[in-house]
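In: Mind looking at a prediction? Sequence and model below.
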Amino acid sequence: MIFGRLAFAALFALPVQALADPIHGTWQIERPDGAVMTLALSPGATEAEHVCGLVQAVDGDANNEEVGTQFISDMAPQGGGRYDDGTLFIVPLNRSIGAEITLASNNTQAEVRGCILLVCQTVQMQRLP
């Protein structure tokens, strides 16, 4: 009887572990203006499968005015390490832009691509330990 309960509990525990998204964690990104941001990527507040990212530090300064800003919003997983239909908030421009993220196969690097009208730029993110 105990074995049956444990097997039943294990059956439901496996899918929860499978839901952990490989992009969640702490990342560093160098912006086009040269500033280096540390971001915490986690599930979104309204839709758990979407990815959001908060600024934790800028150029190593955890007291920077940008800390706590939601830099990445509503990135929806598309499969194969792609996230799309989200936005980036560009603090120096005080503007949100359409964006996508592509996670490298080793899960330690990602490309972030943002576009304003027809002008797009891609920057690299590195996972921090």
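Out: Nice, thanks for sending it over. All of these numbers come straight from a predicted model, not from anything done at the bench.
In: Okay, and the beta partners of Arg82?
Out: Gly79, Thr102 (DSSP bridges).
In: How about the contacts made by it?
Out: Counting by C-beta atoms under 8 Å, 6 or more residues apart in numbering, Arg82 makes contact with 100-103. From N, CA and C alone the C-beta is placed, and that goes for glycine too.
In: Then Leu39?
Out: Leu39 neighbours (C-beta under 8 Å, 6+ apart): 26-29, 53-56, 71-72, 125.
In: Buried by neighbour count, from those: which ones?
Out: In those, burial by neighbour count holds for 27, 29, 53, 55-56, 71-72, 125, counting by 16 or more other C-beta atoms under 10 Å.
In: From those residues, pick the one nearest Ala62.
Out: Checking the buried ones among the contacts of Leu39 against Ala62 by C-beta to C-beta gives Gln56 as the nearest, at 6.7 Å.
In: My guess is the closest one contacts Val67. True?
Out: Yes - if you go by C-beta atoms under 8 Å, Gln56 and Val67 touch, sitting 6.4 Å apart.
In: Out of the contacts of Arg82, give me the two with the largest separation.
Out: Maximum distance among those (C-beta to C-beta): 10.8 Å, for Glu100 and Leu103.
In: who touches both of these two?
Out: Counting by C-beta under 8 Å, 6+ apart, the contacts common to Glu100 and Leu103 are 82-83.
In: Include pLDDT when you put the contacts of Arg82 into TSV, please.
Out: Shown next, in TSV, are the contacts of Arg82 (pLDDT from 0 to 100):
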residue	pLDDT
Glu100	96
Ile101	96
Thr102	97
Leu103	95
